[in-house]
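[1] what's the 3D shape of this:
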Amino acid sequence: MHVTHLSLADFRSYARVEVPLDPGVTAFVGPNGQGKTNLVEAVGYLATLGSHRVASDAPLVRAGAARAVIRAVVRQGDRQQLVELELNPGKANRARINRSSQVRPRDVLGIVRTVLFAPEDLALVKGDPGERRRFLDELVTARSPRMAGVRADYERVLKQRNTLLKTAAMARRHGGGSGSGALSTLDVWDQHLARAGAELLSQRMALVAALGPLADEAYERLAPGGGPVALEYRTPVEGGTREELYEQLLAALADARRQEIERGVTLVGPHRDDLVLKLGELPAKGYASHGESWSYALALRLASYDLLRSEGNEPVLVLDDVFAELDVRRRDRLAELVASGEQVLVTAAVEDDVPKALAGARYVVGGGEVTRL
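    This is a model prediction of the structure:
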């Protein structure tokens, strides 16, 4: 799978830009702040419905514009599709596939798949559990786009359940009784949360099991002799079938209810879990050096890439200003590992930052223009 044409309107710094793309390696070169990352960010948005740089859509819309449009032509084998997303901050976003407007934004998931390396990836190792949960959930959705609906259902139920718990907690604090009115439907919401949560847990656990050996292999290729690495999914439930996970989550919610009512928040579920990254016998967070942390983050992305490739739909590989962060040894090894990808998009401030192994098309980015050399 690869993108053959990218079109942006009022996206980030671009009033309008058209970029034809070829298979193989394409590098966008230009000084920082000129819009290189904006181009690959748009491709990533089509794949995940989110940005790797910001949490909301508002910064993605050019200053003074009401909306932004991302449009891409995507080829997979002999099949070609036109995908369009209209970003409307504060309102519902819109989507079209092959000019049809009868689709939801999440219906475009799976048409474009990406694996994106960026300086922000260091947070996978050094950051909070939320960074690692997001990593897992985006990859779960890349493998199975229907999981976007499951994740949305889980977030909706979690929000409603937290509202009930908060209302009950406030009633207790202010002498309004036990808050039984707010809690009268909590059992029903427990069932909904456990049902969606069990499906998400099942997918995450299966992903971690598949990803672990690939991450260890990728780390060895990037930093020979520096491992081993292992991935451990940390959750209070024991595992098992989806139905067993459902029952375990229900029991855990029941056990935690008194504490949840006191605190006014849901304390059990996939939103509280973590992916523990181990380097040798120790957790990488807090023990790995800066270089080891970088190698670990890269290994996670390479493992993701290898996993998606093995499942039959090779993603677009995006290397966003990564090589400037790496020493020469890691830079060359990473380039050799990814050079054969069906489509590799690279951003770099200077041409010398792009390893020679990544030969291919070159664009100069500057002054709001993208010019092919």
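[2] dump the residue contacts of residue 272.
    residue 266 (Cβ atoms under 8 Å, 6 or more residues apart in numbering). Heads up, the C-betas are built off the backbone N, CA and C, glycines and all.
[3] same question, the one 5 residues further on
    With contact set as Cβ under 8 Å, 6+ apart, residue 277 has these partners: 124, 125, 132, 229, 231, 283, 284, 285, 296, 300.
[4] On the strand side of things, show who it bridges to.
    Applying DSSP bridges to residue 277 gives these bridge partners: residue 231.
[5] Just the pLDDT at it, thanks.
    On the pLDDT scale, residue 277 is placed at 97.
[6] can you check residue 271 too?
    We have a pLDDT of 97 for residue 271.
[7] show me the residues around it that make contact.
    Residues in contact with residue 271, defined by Cβ under 8 Å, 6+ apart, are 133, 154, 158.
[8] what does residue 11 give?
    Contacts of residue 11 (Cβ under 8 Å, 6+ apart): 38, 42, 60, 61, 62, 68, 69, 70, 87.
[9] any idea how far it is from residue 34?
    In this view, residue 11 and residue 34 are 14 Å apart by Cβ to Cβ, to the nearest Å.
[10] swap in residue 86?
    25 Å.
[11] Outline the domain layout of the chain.
    In terms of domains, the chain is parsed into 1-113+315-373, 120-312 (source: automatic domain parsing).
[12] Show the pLDDT at the one residue sitting closest to the centre of the chain.
    In the chain, the centroid-proximal residue (Cα atoms, centre = their mean) is residue 138; its distance is 3.9 Å. pLDDT for residue 138: 95.
[13] and if you look at residue 175?
    62.
[14] quick one, what contacts residue 203?
    140, 143, 144, 147, 150.
[15] Kindly recompute the last result at 6 Å.
    Residues in contact with residue 203 (Cβ atoms under 6 Å, 6 or more residues apart in numbering) are 140, 147.
[16] quick one: secondary structure of it?
    helix (DSSP: H, G, I helix; E, B strand; the rest coil).
[17] so how far is residue 98 from it?
    From residue 203 to residue 98 the distance is 29 Å (Cβ to Cβ).
[18] Just give the number of residues close to residue 312.
    When counting by other Cβ atoms under 10 Å, one arrives at 7 neighbours for residue 312.
[19] Give me the distance between it and residue 113.
    Distance of residue 312 to residue 113, given as Cβ to Cβ: 11 Å.
[20] Repeat that for residue 162.
    From residue 162 to residue 113 the distance is 32 Å (Cβ to Cβ).
[21] And the two? Which one has more around it.
    residue 113 (25 against 16).
[22] is it true that the more buried one touches residue 141?
    No - counting by Cβ atoms under 6 Å, residue 113 does not reach residue 141; the two are 9.8 Å apart.
[23] which outside residues touch stretch 115-135?
    By Cβ under 6 Å, 6+ apart, stretch 115-135 touches 44, 52, 274-275, 277, 284, 293, 296-297, 300-301, 304-305, 315, 317-320, 322, 325.
[24] What about these, which are in helices?
    Here DSSP state H is the test, and the contacts of stretch 115-135 give 44, 293, 296, 297, 300, 301, 304, 305 as lying in helices.
[25] now for the residues you listed, which pair is the farthest apart?
    The most widely separated members of the ones in helices among the contacts of stretch 115-135, counting by Cβ to Cβ, are 44 and 293 (22.1 Å).
[26] These two - which one has more neighbours?
    Taking neighbours as other Cβ under 10 Å, residue 44 and residue 293 compare with residue 44 leading, 25 against 21.
[27] quick one: the more buried one and residue 114 touch, right?
    Yes - with contact defined as Cβ under 6 Å, residue 44 reaches residue 114; the gap is 5.2 Å.
[28] I am finished for the moment; much appreciated.
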